[in-house]
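S.K.: Would you be able to build a 3D model of this:
(one chain, ligands or ions: 1)
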Amino acid sequence: MPTAPCQHPGATRLSAIERSDGIGRIVIEADRLDSTNRRLVELGRAGAGHGTILIARDQTAGRGKGERGWFSAPDGSLCLSVLVRTGRGLREAAQLPLLAAVALREAILAETGVAAGVKWPNDLLAGGRKICGILAEAACDGDGDLDFVVIGMGINLAIPEAGFPENLRQGAVSLATLSGRPVDRDGLVASLAMLLDGWVKRWEGQGLPAFAEAWTAHALHLGHVVRLTDGDEDICATLIGLAADGALRICDAAGTVRDVHSGEIQSGETGLFPPVAPIPSQLPKTRIGAFS
Ligand SMILES: O=C(O)CCCC[C@@H]1SC[C@@H]2NC(=O)N[C@@H]21
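M.R.: Numbers count the residues shown, from 1 in each chain. As a prediction, the model looks like this:
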């Protein structure tokens, strides 16, 4: 029997998909929330267990990478967050956003037939347009040790082209548009929970080697020159692949091989990734650490 999670005001329905442990053991669905990441962090601090999933039909202040907001449409988007408690430490947990992209890519392929590529670190794209974004945030205890990680995923399920804000229309697309058929939202959640659970368990045992090959096999732009940010620095570099700790290994314009631990790809030489203007952010200024 699933154990009851901590309740919160936005939760309108509680259901458990058929798992007795692990990811998806508890699924909380809310009609409307500000941010599933934000709320799941609160639930985590209050003791919610490993594998809790929080889904919102409508998200009013979704968080995106780089302090941007995240656009979603009620009924057209899937906004969910997953709470992961791991025996591995904070440094290694920074690999979870990459792992999440692998699991989500597989779930999308299984449920819709859409084969996405992974734009470092964890955006999923098809035909050069973004299908989903992932934002993982780490919560630490008073000593700075990892308490838990919340992995948030925003997936464009069935947003018509005209349903995206104008500044996103060129760069984003939904799964229903790509596949030409409706997407079974609950099927996608169940598939994701199962796949993510398996990948996290393998990663707990083996670390990065558990999924590095799967990530690399579908990574976009490896071997190509791209413009990317390395922290605050804007650089052009050739993407080499993943380093042993999960950082992105690049070769910069001076020919120096170095590793990038956080940043984003801004554009690729094929012109696949035109920069997208950020959505005005309603983010609070105090954040727990964001990995991606
Ligand atoms: O900018 C990105 O690419 C990451 C977007 C992540 C959005 C998801 S939607 C569900 C979860 N809750 C949030 O507030 N953000 C993530």
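
S.K.: Pull out the buried residues from stretch 98-115.
M.R.: For stretch 98-115, the neighbour count (16 or more other C-beta atoms under 10 Å) marks 98-108, 111-112, 114 as buried. Yep, even glycine has a C-beta here, placed from its N, CA and C like the rest.

S.K.: Save those as JSON lines, and put in distance to the ligand, pLDDT and secondary structure too.
M.R.: Conversion of the buried residues of stretch 98-115 to JSON lines gives the following (distance: C-beta to the nearest ligand atom, whole Å; pLDDT from 0 to 100; DSSP: H, G, I helix; E, B strand; the rest coil):
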{"residue": "Leu98", "distance to the ligand": "13", "pLDDT": "97", "secondary structure": "helix"}
{"residue": "Leu99", "distance to the ligand": "15", "pLDDT": "98", "secondary structure": "helix"}
{"residue": "Ala100", "distance to the ligand": "10", "pLDDT": "98", "secondary structure": "helix"}
{"residue": "Ala101", "distance to the ligand": "10", "pLDDT": "98", "secondary structure": "helix"}
{"residue": "Val102", "distance to the ligand": "16", "pLDDT": "98", "secondary structure": "helix"}
{"residue": "Ala103", "distance to the ligand": "15", "pLDDT": "98", "secondary structure": "helix"}
{"residue": "Leu104", "distance to the ligand": "11", "pLDDT": "98", "secondary structure": "helix"}
{"residue": "Arg105", "distance to the ligand": "14", "pLDDT": "98", "secondary structure": "helix"}
{"residue": "Glu106", "distance to the ligand": "18", "pLDDT": "98", "secondary structure": "helix"}
{"residue": "Ala107", "distance to the ligand": "15", "pLDDT": "98", "secondary structure": "helix"}
{"residue": "Ile108", "distance to the ligand": "15", "pLDDT": "98", "secondary structure": "helix"}
{"residue": "Glu111", "distance to the ligand": "18", "pLDDT": "97", "secondary structure": "helix"}
{"residue": "Thr112", "distance to the ligand": "18", "pLDDT": "98", "secondary structure": "helix"}
{"residue": "Val114", "distance to the ligand": "17", "pLDDT": "98", "secondary structure": "coil"}
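
S.K.: Going by distance to Ile23, which of the residues you listed wins?
M.R.: Nearest to Ile23, judged by C-beta to C-beta, of the buried residues of stretch 98-115 is Ala103 at 9.1 Å.

S.K.: And that closest one, how far from Val149?
M.R.: Counting by C-beta to C-beta, to the nearest Å, the separation of Ala103 from Val149 is 14 Å.

S.K.: just Arg25 next, same as before
M.R.: 16 Å.

S.K.: do Ala214 as well
M.R.: Distance from Ala214 to Val149, by C-beta to C-beta: 19 Å.

S.K.: Looking at these two, which has the bigger crowd around it?
M.R.: Legend: neighbour count by other C-beta atoms under 10 Å for Ala214 and Val149, higher for Val149 (28 against 19).

S.K.: so who does that one touch?
M.R.: 83-86, 93, 96, 136-139, 291 (C-beta atoms under 8 Å, 6 or more residues apart in numbering).

S.K.: Spell out, range by range, the strands that occur in the stretch 51-200 of the chain.
M.R.: All strands of the stretch 51-200 of the chain, identified by DSSP state E, counting those that start in this stretch, fall at 53-59, 77-84, 117-119, 123-126, 129-140, 146-156.

S.K.: would you turn these into a markdown table with mean pLDDT?
M.R.: Shown next, in a markdown table, are these (pLDDT from 0 to 100):
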| stretch | mean pLDDT |
| --- | --- |
| strand 53-59 | 95 |
| strand 77-84 | 98 |
| strand 117-119 | 97 |
| strand 123-126 | 97 |
| strand 129-140 | 97 |
| strand 146-156 | 98 |
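
S.K.: For the chain, which residues are neighbours of the ligand?
M.R.: 35-37, 62-65, 68, 70, 79-81, 123, 133-135, 152-154 (C-beta under 6 Å from any ligand atom).

S.K.: what bridges to the closest residue to the ligand within the chain?
M.R.: Among the residues of the chain, Gly133 lies closest to the ligand, at 2.1 Å counting by C-beta to the nearest ligand atom. Here Gly133 sits in beta bridges with Gly154, going by DSSP bridges.

S.K.: Any idea how many residues pack against it?
M.R.: 24.

S.K.: for Ser179, same thing?
M.R.: With neighbours defined by other C-beta under 10 Å, the count for Ser179 comes to 16.

S.K.: Let me know the distance separating it from Ala172.
M.R.: On the measure of C-beta to C-beta, Ser179 and Ala172 end up 15 Å apart.

S.K.: How about Gly144?
M.R.: 36 Å.

S.K.: More neighbours: the two, which one.
M.R.: Ala172 (22 against 8).

S.K.: Done for today, thanks.
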